[in-house]
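Asker: Please work out how this folds:
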Amino acid sequence: MHTFPKPNRRQFLAGLLSAGAALSLNAESAWAQPPDQPFEPDLAKQLQQALELAHQRGRSPGLIAGVWRGQKGIWSSTVGATTLGGSQRPTFPLHTRVGSITKTMVGTLILQLVDEGQIALDQTVVRWYPELPRAQEITVEMLGRMSSGIASYTFDSNFTDQYFGTPGKAWSEDELLKIAFAAPRVFEPGKGFQYCNTNFVMLGQIVEKVRGLSLDAALRKHLFEPLKMTQSSYPAGTDLPAPYWSGCTLQGTPDGTTQPVDATHWSPTFGAGAGQAISDFHDLSLWARALGRGTTLKPDTQRVRLLPNTYSSKGERHYCFGVGNENGWIGHAGTLPGYNTQVSYLPERDLSIVVMANTDTGSEHGLPAVDAFQVLAAIIAPDRKP
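Answerer: Numbers count the residues shown, from 1 in each chain. The predicted structure is shown next:
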């Protein structure tokens with residue numbers, strides 16, 4: 001059995017909400033191709049082969065993936081199993097933890113408040129966080145573009161020890177922020193880039209304070225219901241809505257461990273507005289397109305959203321306001337113990353890709369959903385490889 005190095009706790013939790021032997025390559029294409037816009041047989045075959053390759057060379061028990069041209073043409077498939085070592089192949093209605101894709105949702109809620117004139121991107125956060133050192137120098141925009149310089153609580157060893165010691169523990173947002181606010185500043189406000197979960201825990205709380213709603217209620221009222229994302233939620237507990245698949249991880253296991261453990265019911269509350277949401281394949285397809293097109297925002301606001309944090313730019317890769325841009329693909333990866341997900345949209349061609357994986361354990365090719373997205377994107381848009 002080929003094994004891969006396990007990232008240490010600090011490495012893993014730094015990008016926690018970002019970004020064994022292969023199981024059977026049983027495939028399912030249960031969603032029929034619409035007769036008016038079917039994928040060409042050769043193209044569909046290439047996409048299937050790419051998904052099987054990603055599954056074979058990765059460590060996820062299963063993968064669920066889809067490619068959309070507009071809202072009609074679709075290729076979709078599943079490979080592998082719903083549990084580690086299992087034989088039941090995945091189906092499309094399975095719910096999954098989406099990790100940092102939550103950031104794209106919370107970022108959208110913030111930008112809706114900007115559209116309504118209730119907050120401004122250049123507004124400082126001192127109104128909501130007077131206890132934060134130098135809060136008068138940090139703006140809402142800096143939080144969304146990961147340029148605040150505030151430390152991420154996921155870098156704190158005391159936090160990681162507590163989390164892995166009691167993965168079912170329910171964390172409050174104030175507990176998380178207390179850890180982050182006590183840590184040294186990473187860089188001067190607006191003068192750098194660090195992928196930081198603290199920023200989006202704060203943005204989630206700002207939504208709650210301005211709306212006078214819980215983040216769960218705000219997501220339902222302003223995103224999930226308008227977009228008909230009926231299978232998406234922001235639960236506080238450790239359960240997932242049925243049906244769901246099991247997620248496995250190596251995180252929190254002793255060094256040298258090669259056998260993943262079941263993390264399906266580990267508490268997602270340490271992610272809060274940075275990573276607590278749950279969704280399914282169909283809803284994520286709706287969200288990929290809505291996110292990339294700015295469906296719930298004014299056009300000018302969407303354009304501002306997609307301005308990069310220049311400190312994050314590496315070639316054609318940029319982090320913008322709660323969303324990434326990879327050579328034109330607008331989207332985000334999400335990772336929680338046991339799960340990895342990718343949603344991406346290419347506006348110039350109205351192409352969407354969604355991939356779900358039931359592990360967060362990567363291989364030399366990277367995280368499983370991200371790797372599958374990259375190979376699928378290279379086939380559907382070879383001149384726009386992410």
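Asker: mind checking how far the residue nearest to Pro38 when sequence neighbours are not counted is from His282?
Answerer: With CB to CB, 6 or more residues apart in numbering as the criterion, Pro38 has its nearest non-adjacent residue at 7.0 Å, and that residue is Gly73. Every residue, glycine included, has its C-beta placed from N, CA and C. In this view, Gly73 and His282 are 16 Å apart by CB to CB, to the nearest Å.
Asker: tell me the contacts of Ser267?
Answerer: 167-171, 237-238 (CB atoms under 8 Å, 6 or more residues apart in numbering).
Asker: What about these, which one has the most neighbours?
Answerer: In terms of neighbours by other CB atoms under 10 Å, those top out with Trp171 at 20 neighbours.
Asker: shouldn't it be in contact with Phe270?
Answerer: Yes. Counting by CB atoms under 8 Å, Trp171 does reach Phe270; the two are 4.6 Å apart.
Asker: can you give me the strands for the stretch 1-150 of the chain?
Answerer: 27-28, 62-69, 73-80, 95-97 (DSSP state E, counting those that start in this stretch).
Asker: which of those has the lowest average pLDDT?
Answerer: Among those, strand 27-28 has the lowest mean pLDDT, at a mean of 38.
Asker: Which one of Gly73 and His282 is surrounded by more residues?
Answerer: His282 (19 against 16).
Asker: Hmm, Gln231 and the more buried one touching each other?
Answerer: Yes. His282 is within contact range of Gln231, at 6.7 Å (criterion: CB under 8 Å).
Asker: got any residues that touch both of the two?
Answerer: Pro93.
Asker: what about Gln71, how many neighbours?
Answerer: Using other CB under 10 Å, Gln71 has 13 other residues around it.
Asker: related to what we said a few turns ago, which of the strands of the stretch 1-150 of the chain sits closest to Arg289?
Answerer: Arg289 lies closest, by CB to CB, to one member of the strands of the stretch 1-150 of the chain: strand 62-69, at 7.3 Å.
Asker: between the closest one and strand 73-80, how big is the angle?
Answerer: Inter-element angle recorded for strand 62-69 and strand 73-80: 170 degrees (by axes from the mean of the first three to the mean of the last three CA atoms, to 10 degrees).
Asker: low pLDDT regions in this structure?
Answerer: 1-37 (pLDDT under 70).
Asker: let's see it at 50
Answerer: Low-confidence segments of the chain, defined by pLDDT under 50, are located at 1-36.
Asker: How about exporting the lengthiest helix in it as PDB, limited to the C-alpha atoms?
Answerer: Taking DSSP state H as the criterion, the chain has its longest helix at helix 41-57. Provided in PDB are the C-alpha atoms of helix 41-57 (Å, rounded to 0.1, in the frame of the first residue of the first chain):
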ATOM      1  CA  PRO A  41     -19.300  11.100 -26.200                       C
ATOM      2  CA  ASP A  42     -15.500  11.600 -26.600                       C
ATOM      3  CA  LEU A  43     -15.500  14.600 -24.100                       C
ATOM      4  CA  ALA A  44     -17.600  12.700 -21.600                       C
ATOM      5  CA  LYS A  45     -15.200   9.700 -21.800                       C
ATOM      6  CA  GLN A  46     -12.200  12.000 -21.200                       C
ATOM      7  CA  LEU A  47     -13.900  13.500 -18.200                       C
ATOM      8  CA  GLN A  48     -14.700  10.100 -16.800                       C
ATOM      9  CA  GLN A  49     -11.100   8.900 -17.300                       C
ATOM     10  CA  ALA A  50      -9.800  12.100 -15.600                       C
ATOM     11  CA  LEU A  51     -12.000  11.600 -12.600                       C
ATOM     12  CA  GLU A  52     -11.000   7.900 -12.300                       C
ATOM     13  CA  LEU A  53      -7.300   9.000 -12.500                       C
ATOM     14  CA  ALA A  54      -7.700  11.500  -9.700                       C
ATOM     15  CA  HIS A  55      -9.400   8.900  -7.600                       C
ATOM     16  CA  GLN A  56      -6.800   6.300  -8.200                       C
ATOM     17  CA  ARG A  57      -3.900   8.500  -7.400                       C
END
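Asker: where exactly do the helices run in the stretch 251-386 of the chain?
Answerer: Secondary structure of the stretch 251-386 of the chain (DSSP state H, counting those that start in this stretch): helices at 281-293, 299-305, 368-380.
Asker: can you pull the buried residues of the second one?
Answerer: Read it as helix 299-305. 301-302, 304-305 (16 or more other CB atoms under 10 Å).
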